[in-house]
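Visitor: whatever this is, show me its structure:
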Amino acid sequence: MQGRNWISVFTVTLLAGLLLTGSVAAADKPPREPVAKSADQRFWDMGDGTVLDTETRLMWMKRDFWQTQRGWVNWYTAMEFVQRMNNKNFAGYEDWRMPTPEEAKTLYNRRKRNTDKDGDKIFIDPIFPNGAGWGTWTSQERGGKAIVVSYKDRGGEDYQDKINGPDAFLRPVRGPLP
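Guide: Next comes the predicted model:
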């Protein structure tokens, strides 16, 4: 009888430890079914504040920094925001990061129409809600500058000052997923 009690206490302690330390990785979670799909079936709204790009296997935050915080963001504050989302375990994941320029550019598609926070056209899939920023900071930096990718007009990228970059935004990403 005493042996069974020890096993029960051990099992409960082990399970509690796994839950508290996060040893059961979020990446190991089984994929969920999307609540909506884009017209071309490429983007899946996962219903938890994320959008999965089935082509690149990248998972994006559905709403960008402007939509969640109602403000522009410099590069350093963008990095802090990503860390905060990881600390909050946003959507059950702790591996959010800034996109690379190449990853950020995969959202741009001249055939897709959406509107930014000012009502101007941006070219990302309408599965992302209207009212986002016109682009995103990326992880690529050089000295006091980092690349911002634009979703306006012809798209593209440009190095902006990491502290005083003009009205910059952020859309965090994770992956690519297996």
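Visitor: when you work out contacts or count neighbours from here on, use the C-alpha atoms and nothing else.
Guide: Fine.
Visitor: identify the residues contacting the residue nearest to Y159 when sequence neighbours are not counted.
Guide: The shortest distance from Y159 to any residue other than its chain neighbours is 4.3 Å, reached at I147 (C-alpha to C-alpha, 6 or more residues apart in numbering). By C-alpha atoms under 8 Å, 6 or more residues apart in numbering, I147 lies in contact with P101, W137, T138, S139, Q140, E141, E157, D158, Y159, Q160.
Visitor: likewise for T106?
Guide: T56.
Visitor: which element is T115 on?
Guide: If you go by DSSP states H and E, T115 is part of strand 114-115.
Visitor: so which elements touch that strand?
Guide: Strand 114-115 sits against strand 121-122, with contacts defined as 3 or more C-alpha pairs under 8 Å, 6 or more residues apart in numbering; DSSP states H and E.
Visitor: so what strands line up beside the strand it packs on?
Guide: If you go by DSSP bridges, strand 121-122 pairs up with strand 114-115 (antiparallel).
Visitor: contacts for the strand it pairs with, please.
Guide: K121, I122, F123, I124, D125, P126, P129, N130, G131, A132.
Visitor: swap in 10 Å and give it another go.
Guide: Applying C-alpha atoms under 10 Å, 6 or more residues apart in numbering, the external contacts of strand 114-115 come out as 120-134, 151-152.
Visitor: got it, and stretch 62-72?
Guide: Contacts of stretch 62-72 (C-alpha under 10 Å, 6+ apart): 45-52, 73, 78, 81-82, 116-117, 127-136, 165-173.
Visitor: stretch 150-157 too?
Guide: Around stretch 150-157, the neighbours that count as contacts under C-alpha under 10 Å, 6+ apart are 101-102, 104-105, 107-110, 114-116, 120-124, 133-138, 146-149, 158, 168-169.
Visitor: one more time with 7 Å
Guide: Y108, K121, I122, F123, I124, W134, G135, T136, I147, V148, V149 (C-alpha atoms under 7 Å, 6 or more residues apart in numbering).
Visitor: and M46, what does it touch?
Guide: E33, P34, V35, L52 are the contacts of M46 under C-alpha under 7 Å, 6+ apart.
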